[in-house]
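**Q** need the 3D shape of this:
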Amino acid sequence: IQNNLGMAYYLKKANDKAIFHIEKSLKIDPKNSDARNNLASIYFNQGNYLQAEREYQIVLQDLVYTHQYRTYYNLGLINLKKGLIDLAIQNIESSIKENPNYCPSLFELGKQYYEQKKYDVALNKLKEAGKGTCYEYPASQYYMGLTFLKLGNKKAAREKFMEITNSWPKNHYAK
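**A** Numbering: from 1, shown residues only. Okay, the predicted model is just below:
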């Protein structure tokens, strides 16, 4: 209840109250990895990466926690903020090992390879990020189009960009 109350406050942008209730939840049950993950995410969104990372590292020690893929993904985002690209990629790859269908990790991995100018690898990862339930996210489609351009395949890039404008006309990627 305390964890849920904390998240309700968080969604209402009352971070201090959110942290108070989630910490209260952790005093009641220090092994509540969902609550700890929520607390870490609030710290992350506040820009308190050190505290967020500490909390995520504690969550990683919970061997039965079923959402470790999110923990690894979030650690990857922290490492991106810190400029530790290789470590971020390792974290994101760990996330994908835990859950091969986690769309944010699949997309972020493709995006990182794109930014490293490893376009062939990026394209493969972005194609994975654009399948199944992940298709509903136009970001991977957009980056596929950019990658096709970098690879000199203007026809495929144009098709991707047209797909975005047709499927998600109001999305900022369409614009």
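**Q** if I look at the residue sitting furthest away from the middle of the chain, how far off is Tyr69?
**A** Distance from the C-alpha centroid of the chain, by C-alpha atoms, centre = their mean, peaks at Lys155 (29.9 Å). Distance, Lys155 to Tyr69, by C-beta to C-beta, to the nearest Å: 35 Å. C-beta coordinates here come from the backbone N, C-alpha and C atoms, glycine included.
**Q** quick check: closest non-adjacent residue to the residue nearest in space to the middle of the chain.
**A** Residue closest to the mean C-alpha point of the chain, counted by C-alpha atoms, centre = their mean, is Pro104 at 4.2 Å. Nearest non-adjacent residue to Pro104, counting by C-beta to C-beta, 6 or more residues apart in numbering: Tyr73, 5.9 Å away.
**Q** that neighbour and Ser105 touch, don't they?
**A** Yes. Tyr73 lies in contact with Ser105 (C-beta atoms under 8 Å); the separation is 4.9 Å.
**Q** can you tell me what sits against stretch 168-175?
**A** Stretch 168-175 is contacted by residues Pro138, Ala139, Gln141, Tyr142, Ile164, Thr165 when judged by C-beta atoms under 8 Å, 6 or more residues apart in numbering.
**Q** going through these, which ones are buried?
**A** For the contacts of stretch 168-175, a burial check counting by 16 or more other C-beta atoms under 10 Å picks out Pro138, Ala139, Gln141, Tyr142, Ile164.
**Q** packing partners for the helix or strand harbouring Leu149?
**A** Assigned by DSSP states H and E, Leu149 falls within helix 138-150. The contact analysis (3 or more C-beta pairs under 8 Å, 6 or more residues apart in numbering; DSSP states H and E) places helix 138-150 against helix 103-115, helix 119-129, helix 154-167.
**Q** kindly export the longest one (C-alpha atoms) in CSV.
**A** Output of helix 154-167 as CSV, limited to C-alpha atoms (Å, rounded to 0.1, in the frame of the first residue of the first chain):
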residue,chain,number,x,y,z
LYS,A,154,17.6,5.7,-50.1
LYS,A,155,14.6,3.6,-51.3
ALA,A,156,14.4,1.6,-48.1
ALA,A,157,14.8,4.8,-46.1
ARG,A,158,12.0,6.5,-48.0
GLU,A,159,9.8,3.5,-47.4
LYS,A,160,10.4,3.7,-43.7
PHE,A,161,9.8,7.4,-43.5
MET,A,162,6.6,7.0,-45.5
GLU,A,163,5.5,4.2,-43.2
ILE,A,164,6.0,6.5,-40.2
THR,A,165,4.0,9.4,-41.8
ASN,A,166,1.2,7.0,-42.7
SER,A,167,1.1,5.0,-39.5
